[in-house]
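The following block contains a protein sequence and its predicted model.
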Amino acid sequence: MIALVDCNSFYASCEKVFRPDLQDKPVVVLSNNDGCIVAMSKEAKDLGIKRGAPLFKCRQQLKDQESLCFSSNYTLYQDLSNRVMALLARETSHIEVYSIDEAFLSVDSPPSATREWGLEIIKIISQNLGIPVSVGVGRSKTLAKAAATLAKKSPQGYFAMLPSMEERVLKEIPVHKIWGIGPSKADYLLSRSILTAWDLRNMDDWDVKKTMTLVTLKTLWELRGKPSIEDEDPQTDKKGILSSLGFSSPIKEKQELQRAVASYMSRAVRKLWSQNSQTSNVTVFIMTNRFKENYYFKEYSQRLENPSSYLPELIKAALNCLEHLFIRGLEYHKAGVLLHGITPEASVQLDLFSERNNSRDRISLVVKEMEQRYGRDILKPLASAMEDRWAMKRELLSPAYTTCWEELPRVY
DNA sequence: TCTGGGGTCCTAGGACCC
DNA sequence: TCTGGGGTCCTAGGACCC
């Protein structure tokens, strides 16, 4: 059996950990730039607030209820997540950390003791970290996921879908709630009168393979209790790196866009460095407000002659892309940089006529070392070093309770 | 006024090769 | 009118996830 351990309202729960005064209050966490709502405590959910809703549309409602908003504090969430995962790892022979707030665990206990094991996990995480979690158990990841959804509704936060219960339970689950079935596939299934998880489970393999995808076929097998979705290997390097962010206020000037793009590139390159890789393809995109008329979105890619992780060269490529995109007179809301064709540094193929450029390697090395010693922003490319007028809006940020000496919570 | 960011995987179709 | 067969690789774009 497989268990899915899922933190309840994770971001909101993290905010509550160091604010006992908020224990029973509605809490919501906002996206970057304090734009929309990405997480809510149970109390906020009960108010009928929807995930993904823009803040300005529910501001009044939140005010009426004395709820509290927070800007997203990823430093805090990632740190608490690491602690949750470390505790979970002690309770199982195998753990797959699936996302910042979820992990699949293999269930080692005999069936008769599984319930105690699950409840013990909930207790451990709650006592050590103050984070509420739910545990769902099933014969496959997809079944464990479905069980976890039901666990959230149960008072103890635990639900095991035993094989004997599968038919009854799956008949109650609408097809669009199944992990891996998004809006588009749900629509298609509905049009064929496949309404529940049980209906999908009983479809013909070839039919599914032919009219949908292999992924859906695997989902179907999983619903039948046959594990078919493999673990993702956390060691494997990223295949694409994206760094993009909306501006806190619109940008008109090309020069400002250039600074933003240069700065996004230096973030992307840092991710590249952290996995010791090089990139061979740079893409830049810019866009105006997509909710307004005359929406403009355009991207431009440039292939590099040789794979590179040399920041100045990559910034130059990005700025060159920007030249193909920029139109004067528009108000830009967002830009981004994508790196593709990523290869490990060790196996990079140079073309016949180029030589490995040692001085570049040394510059990158010095930058890396200085960042390690003095912190991330000690060196910035000049192209991005001016004032960041467009920088992210985070007006409601909570302290970095666990990762910054100055911001440790005080006990009086 | 204000509407997130960062990923993965799959498929179709074109270019190219023998 | 007739116009091989079987591959690989790459890219764009869709779908889905948290």
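Nice, thanks for sending it over.

Could you report the separation of residue A:85 from residue A:78?
Going from residue A:85 to residue A:78 by C-beta to C-beta, to the nearest Å gives 10 Å. (C-beta placed from N, C-alpha, C; glycine too.)

What's the nearest residue in the stretch 1-150 of chain A when you look at DNA strand B?
residue A:31 (2.8 Å; C-beta to the nearest atom of the strand).

dump the residue contacts of that residue.
A:37-38, A:72 (C-beta atoms under 8 Å, 6 or more residues apart in numbering).

Over to residue A:29?
So residue A:29 contacts A:11-12, A:15, A:37-40, A:69-72 (C-beta under 8 Å, 6+ apart).

what two of these have the greatest distance between them?
A:40 and A:71 (14.5 Å; C-beta to C-beta).

thinking again about what came up before, ok, of the contacts of residue A:29, which one's closest to DNA strand C?
The closest of the contacts of residue A:29, once distances to DNA strand C are taken by C-beta to the nearest atom of the strand, is residue A:38, at 8.8 Å.

where does the closest residue to that closest one other than its chain neighbours fall, phi/psi-wise?
Among residues not flanking residue A:38 along the chain, residue A:31 sits closest, at 4.9 Å (C-beta to C-beta, 6 or more residues apart in numbering). Here is the backbone geometry of residue A:31 (degrees, to the nearest 10): phi -70, psi 180.

quick one on the thing from earlier: of the contacts of residue A:31, which belong to strands?
Among those, the residues falling in strands (DSSP state E) are A:37-38.

Please spell out the ChimeraX selection for the buried subset of the contacts of residue A:31.
The buried residues among these can be selected in ChimeraX (16 or more other C-beta atoms under 10 Å) with this line:
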select /A:37,38,72
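
Include pLDDT and distance to DNA strand C when you put the contacts of residue A:31 into a markdown table, please.
Output for those, formatted as a markdown table (pLDDT from 0 to 100; distance: C-beta to the nearest atom of the strand, whole Å):
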| residue | pLDDT | distance to DNA strand C |
| --- | --- | --- |
| A:37 | 93 | 13 |
| A:38 | 94 | 9 |
| A:72 | 93 | 12 |
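
ok, and which of the contacts of residue A:31 reach DNA strand B?
Among the contacts of residue A:31, the residues within reach of DNA strand B (C-beta under 7 Å from any atom of the strand) are residue A:38.

For residue A:206, state which of the contacts of residue A:31 is nearest.
residue A:38 (39.8 Å).

Please look at that closest one and residue A:52 and confirm they touch.
Yes: when contacts are counted by C-beta atoms under 8 Å, residue A:38 is listed as touching residue A:52 (7.4 Å).

is any part of stretch A:121-137 close to DNA strand C?
No: Stretch A:121-137 lies out of reach of DNA strand C by C-beta under 7 Å from any atom of the strand, never closer than 11.6 Å.

got the contact list for that stretch?
Counting by C-beta under 8 Å, 6+ apart, A:1-10, A:13-14, A:16-17, A:80, A:83-84, A:87-88, A:91, A:107, A:114, A:118-119, A:144-152, A:156-161 sit against stretch A:121-137.

Among the residues you listed, name the ones in strands.
A:2-7, A:158-160.

Pull the most distant pair out of these.
A:7 and A:160 (18.8 Å).

Please identify which of those two sits among more neighbours.
Neighbour count, other C-beta atoms under 10 Å: between residue A:7 and residue A:160, residue A:7 has more, with 24 against 21.

residues touching that one, list them.
By C-beta under 8 Å, 6+ apart, the contact set of residue A:7 is A:13, A:81, A:84, A:101-102, A:125, A:131-133.
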